[in-house]
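pasting a predicted model and its sequence here:
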Amino acid sequence: MVFSQPAHALELPPQKDRLFAYPALLSASGDGSYRVVDYREMRDINGRDDIPERRVNGGYISTGVRRVQEDLALRTSAGTVRHVAVGTRERASAIVLYLHGQGGNRRQGVDDFTFGGNFNRIKNLMANAGGLYLSPDFSDFSAQGAREIAALIDHYATRSPGAPVFVACGSMGGALCWMLASDPATAKRLGGLLLLGSMWDEGFLEAPAFAGRVPVFFGHGSRDPVFAVEKQEAFFQRIRRAAPNYPARFVRFETGTHGTPIRMTDWRETLNWMLSLR
């Protein structure tokens with residue numbers, strides 16, 4: 001059963017779209033659900049950053065968004081969840097969470113200068129649309145971590161009734177994405193999942209989020225040494241075979257490595273696609 005959806009879809013307003021648009025498209029499927037994007041380290045890191053991988057060129061960021069950014073600690077039934085919140089915490093139009101990978105923390109997802117300024121962009125996109133962006137800490141990549149994130153989602157979703165919740169998971173954070181998709185209460189609130197250089201989970205095909213046709217985006221580097229692109233592509237095709245016309249998209253960054261999708265994924269294009277399906 002498809003989860004109920006409002007009649008009018010939100011659309012995120014532009015935020016430096018020309019700078020964050022995908023470079024040249026090398027190939028695409030007929031329906032556009034699978035695309036291969038040209039990625040070049042010399043252009044997309046060295047030509048974009050003042051200090052490669054450490055500080056983006058100032059033209060890519062707008063730091064005024066820090067005025068609506070707070071570092072918080074929320075007491076929940078699963079324990080205290082430290083997180084950074086950006087934007088509107090009551091009656092938000094939409095909610096986006098970023099779940100970091102191994103070795104990360106809540107500060108990664110709000111760092112204005114790393115990953116080519118892409119985290120600064122999502123902060124601005126959400127704040128400008130009357131939405132909420134969250135970057136939390138969590139205990140682990142298993143059941144306890146999933147309980148903490150589910151409790152965080154419940155807290156903010158209750159205060160913004162009807163706001164779709166989008167969960168973006170980098171690398172090992174994907175383990176939490178798939179567990180949240182299997183939680184019936186959380187799945188009903190999901191507007192989409194974004195797997196950024198992450199893993200696959202066959203259990204998703206039996207999950208409430210799959211039955212509810214929650215949109216899924218995969219971004220992956222073709223030279224990812226942690227999670228092989230071929231396996232993630234095969235899982236994407238498995239979803240499409242299991243459910244005709246399932247709302248799933250795959251962007252392969254040719255020559256990209258493990259962190260490339262976090263730097264290069266076009267947040268606005270991806271989220272507006274998901275929002276348009278509601």
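Right, received. Where do you want to start?

and the helices in the stretch 151-278 of the chain?
In order along the chain, the stretch 151-278 of the chain carries the following helices (DSSP state H, counting those that start in this stretch): 174-181, 184-187, 208-211, 229-242, 260-264, 267-276.

can you map out the strands along the stretch 101-250 of the chain?
With DSSP state E, counting those that start in this stretch applied, the stretch 101-250 of the chain shows strands at 132-136, 165-170, 190-196, 216-221, 248-254, listed in chain order.

to residue 25, which of these lies closest?
strand 248-254 (9.7 Å; C-beta to C-beta). C-beta here means a position set from N, CA and C on the backbone, and glycine is covered the same way.

contact partners of that closest one?
Under the contact criterion C-beta atoms under 8 Å, 6 or more residues apart in numbering, strand 248-254 has outside partners 22, 26, 32-39, 215-222, 229, 232-233, 236, 239-240, 260-261, 264-265, 270, 273.

which of these are buried? Put it as a ChimeraX command.
To isolate the buried ones among those in ChimeraX, judged by 16 or more other C-beta atoms under 10 Å, type:
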select :33,34,35,36,37,38,39,215,216,217,218,219,220,221,222,229,232,233,236,239,240,260,261,264,265,270,273
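
bridged to residue 76, which residues?
In this structure, residue 76 has beta-bridge partners residue 79, where bridges are defined by DSSP bridges.

need the strands of the stretch 101-250 of the chain in CSV with mean pLDDT and distance to residue 80, can you?
Supplementary listing: the strands of the stretch 101-250 of the chain in CSV, determined by pLDDT from 0 to 100; distance: least, C-beta to C-beta, whole Å:
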stretch, mean pLDDT, distance to residue 80
strand 132-136, 98, 11
strand 165-170, 98, 20
strand 190-196, 98, 24
strand 216-221, 98, 30
strand 248-254, 98, 35
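
what's the closest of the ones you listed to residue 67?
Ranking those by proximity to residue 67 (C-beta to C-beta) places strand 132-136 first, at 13.7 Å.

in its sheet, what does the closest one sit against?
Strand 132-136 has the following sheet partners, assigned by DSSP bridges: strand 79-87 (antiparallel), strand 95-99 (parallel).

JSON lines for these, including distance to residue 173, mean neighbour count and mean pLDDT?
JSON lines is the format used below for these (distance: least, C-beta to C-beta, whole Å; neighbours: other C-beta atoms under 10 Å; pLDDT from 0 to 100):
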{"stretch": "strand 79-87", "distance to residue 173": "14", "mean neighbour count": "20", "mean pLDDT": "98"}
{"stretch": "strand 95-99", "distance to residue 173": "4", "mean neighbour count": "28", "mean pLDDT": "98"}
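
distance to residue 66 added to the ones you listed, as JSON lines?
JSON lines is the format used below for the strands paired with strand 132-136 (distance: least, C-beta to C-beta, whole Å):
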{"stretch": "strand 79-87", "distance to residue 66": "8"}
{"stretch": "strand 95-99", "distance to residue 66": "17"}
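
do you know which of the ones you listed lies nearest residue 10?
Comparison of those against residue 10 by C-beta to C-beta identifies strand 95-99 as nearest, at 11.4 Å.

skipping its backbone neighbours, what lies nearest the residue nearest to the spatial centre of the chain in space?
For the chain, the residue whose C-alpha lies nearest the mean C-alpha position (C-alpha atoms, centre = their mean) is residue 168; its distance is 2.4 Å. Taking C-beta to C-beta, 6 or more residues apart in numbering, and ignoring the residues beside it in sequence, residue 168 has residue 194 as its nearest neighbour in space, at 3.9 Å.

correct me, but that neighbour touches residue 219?
Yes - with the criterion set as C-beta atoms under 8 Å, residue 194 and residue 219 qualify as a contacting pair; they are 7.2 Å apart.

what do those two both touch?
With the criterion set as C-beta under 8 Å, 6+ apart, the overlap between the contacts of residue 194 and residue 219 is residue 265.

neighbours of the residue lying closest to residue 128 once chain neighbours are set aside, how many?
Distances taken as C-beta to C-beta, 6+ apart put residue 13 closest to residue 128, at 5.5 Å, once the chain neighbours are dropped. Using other C-beta atoms under 10 Å, residue 13 has 11 other residues around it.
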